[in-house]
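# Sequence and computational prediction follow.
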Amino acid sequence: MPRPHKYIPGRKVKTVEALAREIVARRYVYWGRRPMHPGWLQAMQFGCLMGAIRRGTVRYAKENPDA
């Protein structure tokens, strides 16, 4: 049986400021259906991040209680 994922998607990230706080705190976020390391997000262009937030693509990552 496969191991459960460490993180599960949470609520949507609504602002660039909130996403910046997650990146600075070195916390994972979900980009679509994938958890993303904060270093990857830090390297992305600002316009790309803003568009993803507008589309509702970015979500907070919550720790999975089953993991």
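In hand now; what should we look at? Residues are numbered from 1 along each chain as shown.
# from here on, contacts and neighbour counts on C-alpha atoms
Will do.
# Please export the C-alpha coordinates of stretch 11-20 as PDB.
Extracted C-alpha coordinates of stretch 11-20, given in PDB (Å, rounded to 0.1, in the frame of the first residue of the first chain):
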ATOM      1  CA  ARG A  11      -7.600  26.900   1.500                       C
ATOM      2  CA  LYS A  12      -6.700  29.200  -1.400                       C
ATOM      3  CA  VAL A  13      -3.900  31.800  -1.100                       C
ATOM      4  CA  LYS A  14      -5.600  35.100  -1.800                       C
ATOM      5  CA  THR A  15      -2.800  37.700  -2.000                       C
ATOM      6  CA  VAL A  16       0.800  38.000  -3.100                       C
ATOM      7  CA  GLU A  17       1.700  39.100   0.400                       C
ATOM      8  CA  ALA A  18       0.300  35.900   1.900                       C
ATOM      9  CA  LEU A  19       2.300  33.900  -0.600                       C
ATOM     10  CA  ALA A  20       5.400  35.900   0.200                       C
END
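# Residues contacting it, please?
Leu49, Met50, Ile53, Arg54, Gly56, Thr57, Val58, Arg59, Tyr60 (Cα atoms under 8 Å, 6 or more residues apart in numbering).
# By neighbour count, which of those wins?
Of all the contacts of stretch 11-20, Val58 has the most neighbours under the rule other Cα atoms under 10 Å, reaching 28 neighbours.
# Quick one: residues contacting that residue.
Contacts for Val58 (Cα under 8 Å, 6+ apart) come out as Lys12, Val13, Val29, Tyr30, Trp31, Gly32, Ala52.
# try Tyr30
By Cα under 8 Å, 6+ apart, the neighbours of Tyr30 are Pro9, Met36, Thr57, Val58, Arg59, Tyr60, Ala61.
# so where's the chain uncertain?
Applying pLDDT under 70 to the chain flags no residue at all.
# what about the helices in it?
16-24, 38-43, 46-55 (DSSP state H).
# residue closest to the middle of this structure?
Val29 (1.6 Å; Cα atoms, centre = their mean).
# Kind regards, and thank you for your time.
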